[in-house]
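Novice: Build me a model:
(chains A and B)
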Protein chains: 2
Amino acid sequence: MNRSTLFKNILQKNSFLCIGLDTDKEKIPSFLLEYEDPIFEFNKRIIDATKDLCVAYKPNIAFYEAEGMEGYLSLQKTIDYIPDDILIIADAKRGDIGNTSERYAKAFFEKLKCDAITVAPYMGVDSVTPFYNYPNKWIIILGLTSNIGSKDFQLIQDEHKQEVYKTVLQKASLWGTPDDTMFVIGATHPEKFKEIRELLPKHFFLVPGVGAQGGTLKEISKYGMNDEIGLLVNVSRAILYAGNNEDFDIEARVKAMSLQKEMEELMYASMMGSGDDFMDIDIDGLELDGDVNFDIELD
Amino acid sequence: MNRSTLFKNILQKNSFLCIGLDTDKEKIPSFLLEYEDPIFEFNKRIIDATKDLCVAYKPNIAFYEAEGMEGYLSLQKTIDYIPDDILIIADAKRGDIGNTSERYAKAFFEKLKCDAITVAPYMGVDSVTPFYNYPNKWIIILGLTSNIGSKDFQLIQDEHKQEVYKTVLQKASLWGTPDDTMFVIGATHPEKFKEIRELLPKHFFLVPGVGAQGGTLKEISKYGMNDEIGLLVNVSRAILYAGNNEDFDIEARVKAMSLQKEMEELMYASMMGSGDDFMDIDIDGLELDGDVNFDIELD
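Specialist: Coordinates of the predicted model:
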């Protein structure tokens, strides 16, 4: 999926929501365990309940690998089930020497037919560039992650008093273009979004850490949005496990819809103004027509 | 497998060779393609031909993932086929937030029953510690890798004029102990081995980059060995693809044996002396009895 299609989808759905499919057999409603493939059954119902509210799904590959062969099958069926117009991000955080990264690219882009993959930058240029051999695919490079351990190496200062993650963003942004490269920027560092957006005005950011890990959508949107929105905000557990009974999919939809509505309002606020005014809009009190179509206003 | 068993195996086999199973359908002898599972068939013959010469096998997970479901089966069969007294390293380079790394640990230690896994440190402490929940397993953290891209981030200097990979080694060495943690140190940086060994006197290093990527066994051994050898030197392509006909396994054995002999001589030289003398020994001219048993001399 190319960037203009992604942007069009964001505008059509008034949403920049990515739903993380961190599907855990121990957390899904127990009645699903009677099905032949409980993980796929859960994902199928989540997708049916939320596909009009999000622009991307992000299967977290570890959760499928932990189930061995069965998990691989569940993953494959899930990917096949996701509608074509929704971006599929393999959250795999791969990265190895060139000839090995080539194989990971084959695994995720050819075998599993994902649209995007997250990659770890520690091994440098040749660990990432093999992923670029596939047209219309996205490489999503870890920049500043949302976890506590992001402080250990990403936030140390280099000899020019620049934090290491910024050097990663600068160098890695030269390996591709904003048409094929995104960066993971965690919502738990909202104070950094302004300078990161200045550094990379055109790239999409995949933003984890809203919800379970803290971080607010409002702050991230204020400083992180660009004129193509430029954000995919991922939410996993808060949607997947919103409910734990037969109606878990309805509960998931309610949660996803509340996020989509908040995103719609933030998109509207962003289009209407910027800077400090942005934060003054009373989001809860704002009445917006769900049919507002930003296509018209932008084109 | 614990450290004393690993050390005992090294002494018994007079070898610190790790054979990388980067098995590629496009590179294996064509007659194997007629078998039901060519990748497993290849690995089986390589293992049969080399298991007395090495102390570890390292399946490179990307090569199996690239074959999808079939590859997973080949990997599982390969792991089951490796004798119990040989360390099995999943070269997976995983690493994610805590609850996700837990799933990767489950995938490789419970489902696939590997003894060790390579992990990427970029996401910091909570991305690595979940792997430590399994007794007698090894966590092998990327330190200084053998590829060209290692220069991009690992070799940049921090504000204290220390290279980033050293900060990684220092911090990450505190997450575990030399009994459960190794570091990947590429053979393509032989000049660094001395200071790295001074920094981490007790840890095992997994050393890729001998052979196909350059780097000599002699230099690495001179500066990298400790009193428990402390090195696992990985060789993949030079052994696997030494031959390309029906007798590929014999060719692989010949190559593995020549490496094992060189290792035996280097181990002997290390036990006999150290420092500059070490390099003066004419390895090619040295006549050693294959039955020399370092057990006796060390115990």
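Novice: Poorly predicted segments of the stretch 101-250 of chain A, please.
Specialist: Residues of the stretch 101-250 of chain A meeting the criterion pLDDT under 70: A:211-214.
Novice: Strands of that one, start to end?
Specialist: A:116-119, A:138-144, A:181-185, A:204-207, A:231-235 (DSSP state E, counting those that start in this stretch).
Novice: Contacts for the longest one, please.
Specialist: The set of residues external to strand A:138-144 that reach it, using C-beta atoms under 8 Å, 6 or more residues apart in numbering or on different chains, is A:1, A:87, A:89, A:93, A:115-121, A:128, A:131-132, A:150, A:154-155, A:165, A:168-169, A:172, A:175-176, A:180-186, A:189, A:192, A:196, A:205-206, B:122-123. C-beta: built from backbone N, CA, C; applies to glycine.
Novice: what's the angle between it and strand A:181-185?
Specialist: 30 degrees (axes from the mean of the first three to the mean of the last three C-alpha atoms, to 10 degrees).
Novice: need the residues of the stretch 151-299 of chain A near chain B, please.
Specialist: Within the stretch 151-299 of chain A, the residues that sit near chain B (C-beta under 8 Å from any C-beta of the partner chain) are A:151-154, A:156-159, A:161, A:164, A:167-168, A:171, A:208, A:213.
Novice: biggest separation within those residues, which pair?
Specialist: Using C-beta to C-beta, those reach their maximum pairwise distance at A:Glu159 and A:Gln213, which is 31.1 Å.
Novice: Buried among the contacts of strand A:138-144? Need that as a selection in PyMOL.
Specialist: The buried residues among the contacts of strand A:138-144 can be selected in PyMOL (16 or more other C-beta atoms under 10 Å in any protein chain shown) with this line:
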select buried, (chain A and resi 1+87+89+93+115+116+117+118+119+120+121+128+131+150+154+165+168+169+172+175+176+180+181+182+183+184+185+186+189+192+196+205+206) or (chain B and resi 122+123)
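Novice: For B:Lys111, find the nearest of the strands of the stretch 101-250 of chain A.
Specialist: Nearest to B:Lys111, of all the strands of the stretch 101-250 of chain A, is strand A:116-119, at 21.8 Å by C-beta to C-beta.
Novice: ok, the closest one: who's next to it in the sheet?
Specialist: In the sheet, strand A:116-119 lines up against strand A:87-94 (parallel), strand A:138-144 (parallel) (DSSP bridges).
Novice: can you list contacts of it?
Specialist: By C-beta under 8 Å, 6+ apart, the list of residues contacting strand A:116-119 from outside reads A:56, A:87-95, A:101, A:104-105, A:108-109, A:127-128, A:131, A:137-142, A:182, A:184, A:206.
Novice: Around the residue in the stretch 151-299 of chain A positioned nearest to chain B, how many other residues sit close by?
Specialist: Of all residues in the stretch 151-299 of chain A, A:Asp152 sits closest to chain B, at 3.3 Å by C-beta to the nearest C-beta. For A:Asp152, the count of nearby residues is 23 (other C-beta atoms under 10 Å in any protein chain shown).
Novice: got a list of what the nearest residue to it once chain neighbours are set aside touches?
Specialist: Leaving aside its chain neighbours, A:Asp152 sits nearest to B:Gly124 (3.3 Å; criterion: C-beta to C-beta, 6 or more residues apart in numbering or on different chains). Taking C-beta under 8 Å, 6+ apart, we find B:Gly124 in contact with A:Asn147, A:Ile148, A:Gly149, A:Ser150, A:Lys151, A:Asp152, A:Phe153, A:Gln154.
Novice: Just send these back as a markdown table, with distance to A:Thr50 too.
Specialist: As requested, the contacts of B:Gly124 are exported to a markdown table (distance: C-beta to C-beta, whole Å):
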| residue | distance to A:Thr50 |
| --- | --- |
| A:Asn147 | 25 |
| A:Ile148 | 29 |
| A:Gly149 | 30 |
| A:Ser150 | 28 |
| A:Lys151 | 33 |
| A:Asp152 | 34 |
| A:Phe153 | 35 |
| A:Gln154 | 31 |
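Novice: Which of those fall in helices?
Specialist: For the contacts of B:Gly124, the ones inside helices are A:Ser150, A:Lys151, A:Asp152, A:Phe153, with DSSP state H as the criterion.
Novice: if we can go back for a sec, higher neighbour count, A:Glu159 and A:Gln213?
Specialist: Neighbours were counted for A:Glu159 and for A:Gln213 using other C-beta under 10 Å; A:Gln213 has more, 17 against 12.
Novice: which element is A:Glu41 on?
Specialist: helix A:38-50 (DSSP states H and E).
Novice: average pLDDT for that helix?
Specialist: Across helix A:38-50, pLDDT averages out at 98.
Novice: which other helices and strands contact that helix?
Specialist: Applying 3 or more C-beta pairs under 8 Å, 6 or more residues apart in numbering or on different chains; DSSP states H and E, we find helix A:38-50 packed against strand A:17-21, helix A:68-81, helix A:237-240, helix A:248-272.
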